[in-house]
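S.K.: predicted model and sequence below, questions to follow.
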Amino acid sequence: MRITLMSLGSRGDVQPFAALGTGLARRGHDVLVASAESARSFVEGAGLAFAPLTDSIGGELFELPGVAQAIRRGGSTVDVAMALPPQTEEAAVRKHASMAEACEGADVVVTAPTTYTAAFTGTKAKWVAAAWTPNTPTAAFPAWGAPSGVDNLTGYALAHQAEWDVFRGPLDRYRAAQGLPPAGTRSPLTTLGHDVPVLYPVSPVVIPPPGDWPPRCHVTGYWFWDRPSWTPDERLAAFLARPGAPVVATFGSLWPVHDQRRVLAILAEAAARVGRDLVLVGGPAQDLPDHVHQAGESDYRALFPQAAAIVHHAGCGTTAAALRAGVPQVPVPMFADNAFWARRAVELGVASAPLPLASLSVDALAAALAGVLSDGAMARRAGDISAEMADEDGVSTACDLIEELW
């Protein structure tokens, strides 16, 4: 079977498809991953074929000044989309033409939330949607990005329509160039789980499927992409060998959004106040105190279990890695679904109350770290959830579901 996997965004938006793609390839399927050019080296390094999506923004999104400012203001996905540089009609046509080209000859196309318009470019492939955060309407919990003050089901309808209103304009410009009618004003996200299968690469321990979800919604388990081997460099290995487990802090692709030196100083001082070393993943290069080590790109599967606590932005993938490691968390949500996953970690009993970026301070972070480090019940709960997730194979489950379409 020929399968196209398509995603745009940061590393966290592409990495799950690297995991799924390698799983499908092991089963003998012909897999193509389509994304922004900046993702090429990662995708090809995972042994998968790559197709660039023209005029698309990848991990460099958060380096754009307008986007960073929108996130600092607490912007939603729609706010951030509106902050992007205006896209010309020609660019919109080129982008969707490259989506259509990536789908050409495919039996199945699996889209991420950032690329679902590919399903409306005229492709004949069967459409499977993947979403990192639940967006199927349910009364059980609110939609992330929904306005406050409305019931949950209304919130989903409003969030879906707002997203569609932003993204259908470029799609319709492409469709017009191909002689196709407009895609319509009603959001197609309402069909997910009904007419269109939707895969949620999340553990059912973390998001038990609500009883009011339609039958074609599948919570598969996380799609972890594990490197064949990873060992820390000599300096990091020596630092990890020091007495006492360190705090690990990572903000992934969202580092450019921060006042980076200020945030680094807050992290370093808060760790010192609780008597812990700090391993910083990413961030600005600068001189650091002796109790802080700045690591480059790291394998979370190997690094996180060595931590006493993990401070992170609460992205879906990073939250998943912290849950698998069985380590208490301090979430610092910033953008999009971060607040959703931060809240869910708190509800699971494995995290402190979220510390939004705007209110991050030495006092607040030190207090949160002191709380999670001294909470034996939280540590046990984190270990229990890790154990419950241990036997899940989300990639295999997702592969089975995709193969059922053929």
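M.R.: Done, it's in. Keep in mind that this is a model prediction, so the values were computed, not measured.
S.K.: pull out the buried residues from the helix or strand that Trp341 is a member of.
M.R.: When elements are defined using DSSP states H and E, Trp341 is found to belong to helix 338-347. Neighbour-count burial for helix 338-347, counted by 16 or more other Cβ atoms under 10 Å, picks out 338-345. C-beta coordinates here come from the backbone N, C-alpha and C atoms, glycine included.
S.K.: name the nearest of those residues relative to Arg26.
M.R.: Proximity of these to Arg26, judged by Cβ to Cβ, is greatest for Trp341, which lies at 28.9 Å.
S.K.: so the closest one sits right up against His313, yeah?
M.R.: No. Counting by Cβ atoms under 8 Å, Trp341 does not reach His313; the two are 9.2 Å apart.
S.K.: what number of residues are in the vicinity of the nearest residue to Trp132 once chain neighbours are set aside?
M.R.: Leaving aside its sequence neighbours, Trp132 sits nearest to Cys316 (Cβ to Cβ, 6 or more residues apart in numbering; 4.2 Å). Using other Cβ atoms under 10 Å as the criterion, Cys316 is surrounded by 24 other residues.
S.K.: ok, Cys316 to Ala129 distance?
M.R.: According to Cβ to Cβ, to the nearest Å, Cys316 stands 15 Å off from Ala129.
S.K.: swap in His293?
M.R.: Shown here: His293 relative to Ala129, a distance of 40 Å by Cβ to Cβ.
S.K.: neighbour count: those two, which is higher?
M.R.: Ala129 (26 against 19).
S.K.: tell me the secondary structure at the more buried one.
M.R.: Under the three-state scheme (DSSP: H, G, I helix; E, B strand; the rest coil), the conformation of Ala129 reads as strand.
S.K.: my guess is it contacts Tyr116. True?
M.R.: Yes. Under the criterion of Cβ under 8 Å, Ala129 makes contact with Tyr116 at 6.0 Å.
S.K.: can you give me phi and psi for Leu32?
M.R.: phi -130, psi 130 (degrees, to the nearest 10).
S.K.: okay, Gly58: pLDDT?
M.R.: With respect to pLDDT, Gly58 scores 62.
S.K.: could you give me the buried positions within the biggest helix by length in the chain?
M.R.: The helix spanning the most residues in the chain, taking DSSP state H as the definition, is helix 152-177. Neighbour counts over helix 152-177 (16+ other Cβ under 10 Å) mark 155-160, 162-164, 166-168, 170-175 as buried.
S.K.: which residue is the nearest non-sequential neighbour of Ser352?
M.R.: Excluding its sequence neighbours, the residue lying closest to Ser352 (Cβ to Cβ, 6+ apart) is Ala368, at 4.1 Å.
S.K.: what's the spacing between the helix holding Trp341 and its chain's center?
M.R.: Taking Cα atoms, centre = their mean, to the nearest Å, one finds the center of helix 338-347 at 13 Å from the center of the full chain.
S.K.: quick one: average confidence on it?
M.R.: Model confidence over helix 338-347, given as mean pLDDT, is 94.
S.K.: coming back round to it: any shared contact partners between Trp341 and His313?
M.R.: Among the neighbours of Trp341, those also in contact with His313 (Cβ atoms under 8 Å, 6 or more residues apart in numbering) are 331, 333.
S.K.: okay, now Leu323: neighbour count?
M.R.: Using other Cβ under 10 Å, Leu323 has 28 neighbouring residues.
S.K.: equivalent analysis for Thr250, please.
M.R.: Residues within reach of Thr250, counting by other Cβ under 10 Å, total 24.
S.K.: so it touches Gln294, yeah?
M.R.: No. Taking Cβ under 8 Å as the contact criterion, Thr250 and Gln294 are not neighbours in contact, 11.1 Å apart.
S.K.: between the two, which contacts overlap?
M.R.: In the contact map built from Cβ under 8 Å, 6+ apart, the residues linked to both Thr250 and Gln294 are Leu280.
S.K.: now do the helix or strand where Ala302 lies: everything it contacts.
M.R.: The secondary structure element spanning Ala302 is helix 300-303 (assigned by DSSP H and E). Residues from elsewhere that reach helix 300-303, judged by Cβ under 8 Å, 6+ apart: 224, 226-227, 230-232, 248, 250, 279, 281, 295, 318, 321-322, 324-325.
S.K.: could you turn the buried ones of those into a PyMOL selection?
M.R.: The PyMOL selection below is limited to those of those classed as buried (16+ other Cβ under 10 Å):
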select buried, resi 224+232+248+250+279+281+295+318+321+322+324+325
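S.K.: nice, that's everything, thank you.
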